[in-house]
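Got a predicted structure plus its sequence, pasted below:
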Amino acid sequence: MFMKDDIKVEHHLNSGIKAKVYAFEDFQRNPMAATSDPPPNKKPWLPFKSRLEFEVAQIALEAALNNDQTDQLIKICRQCAIGNDKFTFENHKDIHRKWDAASQRFTKEVISMTYEDKSWDFEVYYRDLWEWAADLLRDPHEPYTADAFWDLQSQLPEGAKPLTFILYADKTKLSTSGTAKAYPVVARLANLPTDIRNGEGIGGGYVVGWLPVVKEDKEFAKKPGWVNFKNKVWHQAFLRILASLTSKSKTGQWFECLDRLSRWFFPSILILSADYEEQCVMSLTRGVRSLWPCPICLVPRDALSDVSTRYPLRTSKDLQAIINLARTKHTLEEREKTLKEYGLRDVDNSLWLIQHPDVHRALSYDKLHFRDGGLFDDHLWVEFQKYLNDLGRDVVSHIDKRFKEFPRWRNQKHPNQVMDIAFTDSSIPENILKMILYAAHDVVTEEDCPLGYLLLRCIRLYIEVDMYASLEVHTSDTIREGRNVVQMFSVFLKQYIDKTADIEDKGWNFPKLHMDAHLLDDIEAKGATRNYNTKPNEKMHGSSYIHRRLIDFDEYLRLQTQDQFDAADDALDATDDAVIPLAGLFHVKVGSKQPPLTFESVENIYHSDDAFSNLRIRLNDFLNDFLPAINIPLPQGKRIRLRASDQITEFRFLKVNYESMVDWQQHTDYLRCSPQFFGAPCFDCVFIRVTLMKVIFGCLLFLFECTVGKHTFPLALVHPYDAPTGIRLRKDKNFNLFRVRARTRAQSIIRGVLLVPDGPSDYLVVDTVDTNMFVHMREMHLEAGHLVRA
């Protein structure tokens, strides 16, 4: 018999684990099962004599020091070296010898390739993928809840376990001039929890190979077959990295795990993480100029802007059949004609040798390049800037001023002068995207700039798609809602494209726009986008094998002392700033303690602010009602009568732990209530629970502690924003804005909220600060009777 909100966890039949039903409150608060991590190599700097030697050698390598500079660096280090670390280098030859020794951690192989009677030799460096995975193997029951993992296990023999790899590859620059390039391949295990897998410590990604970078040859560069040749080199090299998995993917491999149980593992490539250009290489499709540019499906080149239509999916089996058919043709021209009809290259795909799954299903949505650093900054933002500039210099200045005055929020960058900003990394357009609607909604109007207004509606829908793409946990409801928002974005963008077709020649048929058609399919198949985003892997460009082992070693030492740090934190909580759970709902901590003040002093200091008028008398009334309501008896059973000479202690920092509506885990907001924070007033806003069923917004005005009897309570004077806002504005409906207005008293704080002023007394809720805020505001839209995209 199920109760409301019960959660049933079903395991695959082959796992042999019985289904179990959890009450929601038990499921969400289950602590993560303790795991015993294998200790890393105690000397991860080998073959260098010490960590110090490795770090000096790394500096010499990264700085591209010449021999004289390296000799000077070694001379300085020898003069400074003291302590237990050994430093034995005498000159640059010692460093070169050690780097040569370190390179032996990778297997070096030379592959010879021929093109038009000319031969090239390419060096490939790789680690044995199976041996690397074996170092990480543990109890494999970590639940991977997406469909692809389930389907994979269904294809394995009874009793077998999938061992799933995430592989990333991308060509990168090693020097600031861009002349030195490399092609790292990074591996991660999909069986591990996301936080571990995407981290930089034990269980995180490892560089497992370096692919050759084929230099352009002027003699061949413009010939059609040259691109095929470069693809052949890539796949021949990639095959060396995959070699240890090819046979095991078909027959499996028994392995004894840390719990001393032997398991039958079948390795597979579950996810290929790459940007569009690399995905074309991995799938051997012809790219953006081909008739069928998508590596996932057979969408025509002239239909890429329409993500509402579904097209047949590519499969490795079909593609192999087409290539085999093309190879039966008698002439090169006939062969090329057959392959071009499907956008394919005449190259054997190294990934076809891995049994599971299909290459085109392993290719995954890349949020970093398709959204954060693609569609918005290269297209939507550039297009929107044109309308802002057309509206005149005053509007441009107004937009920059809005961004400069935008309220601060933790972990959100605050770009200024956005109209002239250069995007140096994807985080800049990502933060502009979160703020632009609130900066431009009242200057780009439907009357004065109808096309700009329509584009801004497209941007709002784009933001909503981005929020669904960013959710850390998905349900069937969020999948359905996400698909609907993708469809609506496509519809509105088509309206914009049609209305601007006669006045500009911009093309909208490009792959990064089309990839939204596969976003929710990938989430259903492979889980949240953080499982296959390229962002964690791009951080590793240039990392050496020894550098990764040092990170592991540091992580291991940190974990060994974490219990001591936790105990110290607990002691700090108990002795420093009072921690009081309000009504048993959540955990609140105040900080930035100020000197004690009497009620009389407080009311005199803030005499010009009506919110502080009769503060002591109003607090008496509040406490006399509030304390009995939370089962705290009044002192000696008498009504509280605070005196003007009684003291309270002001605080200017508030830490609020809350339960996320996305992943049900505890998250924390760090809020300020200060007249001076980094040179400016900072009074953050919050969600406030007035009753069990009613939540409003408010602004923190004053944080303080007040002692009543034997109890000390952290309290907040809040300016509530719950006044009626009247009939909902057409603009608010079009942009899905939630408007609030100031009014009366409140009771308890849930979490922080970012509000943007819109007039003298109105505020707009910024629902893009994080995924929990986005989901929370969707619920409040529903409660307010607003139409939502379901």
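Cool, got the structure. It should be emphasised that the depicted structure is a prediction, and the values quoted were computed from it without experimental measurement.

can you list the weak-confidence ranges in the stretch 501-650 of the chain?
539-586 (pLDDT under 70).

can you give me the helices for it?
511-514, 516-526, 535-538, 545-575, 599-605, 615-629 (DSSP state H, counting those that start in this stretch).

Next, the buried residues of the last one.
Just to be clear, that refers to helix 615-629. Buried residues in helix 615-629, defined by neighbour count with 16 or more other Cβ atoms under 10 Å: 615-616, 619-620, 623, 626-627. Yep, even glycine has a C-beta here, placed from its N, CA and C like the rest.

How far does it sit from its chain's centre?
44 Å (Cα atoms, centre = their mean, to the nearest Å).

Output it as CSV, nothing but the C-alphas.
This file holds the C-alpha atoms of helix 615-629, laid out as CSV (Å, rounded to 0.1, in the frame of the first residue of the first chain):
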residue,chain,number,x,y,z
LEU,A,615,10.3,48.1,17.6
ARG,A,616,10.4,47.0,21.3
ILE,A,617,6.6,47.1,21.7
ARG,A,618,6.0,45.2,18.4
LEU,A,619,8.6,42.6,19.4
ASN,A,620,6.8,42.1,22.8
ASP,A,621,3.5,41.4,20.9
PHE,A,622,5.3,39.0,18.5
LEU,A,623,7.1,37.0,21.1
ASN,A,624,4.0,36.7,23.3
ASP,A,625,2.2,35.1,20.3
PHE,A,626,5.2,33.2,18.8
LEU,A,627,6.7,31.4,21.7
PRO,A,628,3.6,29.5,22.8
ALA,A,629,3.0,28.6,19.2
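
just to revisit the earlier point, now render the buried residues of helix 615-629 as TSV, adding distance to Val395.
Shown next, in TSV, are these (distance: Cβ to Cβ, whole Å):
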residue	distance to Val395
Leu615	43
Arg616	48
Leu619	47
Asn620	51
Leu623	50
Phe626	49
Leu627	53
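
quick one: Val769 and Lys434 touch, right?
Yes - at 6.9 Å, Val769 counts as touching Lys434 under the criterion of Cβ atoms under 8 Å.

Need the overlap of contacts for those two.
Gln412 (Cβ atoms under 8 Å, 6 or more residues apart in numbering).

so what's Val9 up against?
Contact analysis of Val9 by Cβ under 8 Å, 6+ apart lists 19-22, 143.

Let's see that with 7 Å instead.
Listed by Cβ atoms under 7 Å, 6 or more residues apart in numbering, the contact set of Val9 reads 19-20, 22.

Which one (most neighbours) among the residues you listed?
Tyr22 (14 neighbours; other Cβ atoms under 10 Å).

quick one: that residue from Asp477, how far?
Remark: distance between Tyr22 and Asp477 (Cβ to Cβ, to the nearest Å) = 19 Å.

Isn't Asn509 up against Asp302?
Yes - assessed by Cβ atoms under 7 Å, Asn509 is found in contact with Asp302 at 5.7 Å.

quick one: secondary structure of Gly225?
helix (DSSP: H, G, I helix; E, B strand; the rest coil).

Could you pull up phi and psi at Ile7?
phi -120, psi 120 (degrees, to the nearest 10).

number of nearby residues for it?
A total of 14 residues lie near Ile7 under the criterion other Cβ under 10 Å.

what does Trp254 give?
8.

Bridged to it, which residues?
Trp264 (DSSP bridges).

and for stretch 471-490, what are the contacting residues?
Outside stretch 471-490, the residues that touch it by Cβ under 7 Å, 6+ apart are 306-308, 458, 461-462, 464-465, 468, 516, 519-520, 523-524, 528, 530, 662-663, 771, 789-790.

which residues of the stretch 301-450 of the chain score low on pLDDT?
372-373, 422-426.

Quick check on Val769 and Lys434: which one has the bigger neighbour count.
Taking neighbours as other Cβ under 10 Å, Val769 and Lys434 compare with Lys434 leading, 22 against 19.

Identify the residues contacting that one.
Residues near Lys434 by Cβ under 7 Å, 6+ apart: 412, 768-769.

swap the cut-off to 6 Å and go again
Counting by Cβ atoms under 6 Å, 6 or more residues apart in numbering, Lys434 touches Thr768.

Please apply the same query to Pro295.
The contact partners of Pro295, taken as Cβ under 6 Å, 6+ apart, are 279-280, 283, 285, 363.

Closest to Tyr438 out of those?
Checking those against Tyr438 by Cβ to Cβ gives Gln279 as the nearest, at 34.5 Å.

Please identify the helix or strand for the closest one.
Assigned by DSSP states H and E, Gln279 belongs to helix 276-283.

tell me which residues in that helix are buried?
By 16+ other Cβ under 10 Å, the buried positions in helix 276-283 come out as 276, 278-283.

And stretch 148-158, by the same measure?
By neighbour count with 16+ other Cβ under 10 Å, stretch 148-158 contains the buried residues 148-149, 152-153, 156.

Also stretch 380-400?
So, applying 16+ other Cβ under 10 Å, buried residues of stretch 380-400: 380-381, 383-384, 387-388, 391, 395-396, 398-400.

Excluding covalently adjacent residues, which one is nearest to the residue most central in space within the chain?
Closest to where the C-alpha atoms of the chain average out (Cα atoms, centre = their mean) is Arg530, at 5.4 Å. Spatially, and ignoring its direct neighbours in sequence, Arg530 is nearest to Thr194 (5.9 Å; Cβ to Cβ, 6 or more residues apart in numbering).

Could you check how many residues crowd around the one you found?
Around Thr194 there are 17 residues (other Cβ under 10 Å).

what about Tyr115, distance to Lys317?
For Tyr115 relative to Lys317 (Cβ to Cβ), the value is 29 Å.

Kindly report the same for Leu456.
Distance from Leu456 to Lys317, by Cβ to Cβ: 45 Å.

Between those two, tell me which one has more neighbours.
Ranked by neighbour count (other Cβ under 10 Å), Leu456 and Lys317 place Leu456 first, with 24 against 9.

Could you verify that the more buried one is part of a helix?
Yes - counting by three-state DSSP, one finds Leu456 located in a helix.

what's Arg457 in contact with, if anything?
492, 734.

mind checking pLDDT for it?
Confidence at Arg457, expressed as pLDDT, is 95.

same deal with Lys655?
Reported pLDDT for Lys655: 90.

Please, which helix or strand holds Lys731?
Assigned by DSSP H and E, Lys731 belongs to helix 730-734.

do Glu464 as well
Per DSSP H and E: helix 450-470 holds Glu464.

buried set for the following helix or strand past that helix?
Moving toward the C-terminus from helix 450-470, the next helix or strand (DSSP H and E) is helix 476-500. Of all the residues in helix 476-500, those buried under the rule 16+ other Cβ under 10 Å are 478-479, 481-490, 492-494, 496-497, 500.

angle of helix 476-500 against helix 516-526?
Computed by axes from the mean of the first three to the mean of the last three Cα atoms, to 10 degrees, the angle separating helix 476-500 from helix 516-526 equals 170 degrees.

what mean pLDDT would you report for helix 476-500?
94.

and what of stretch 93-112?
Here the average pLDDT along stretch 93-112 is 75.
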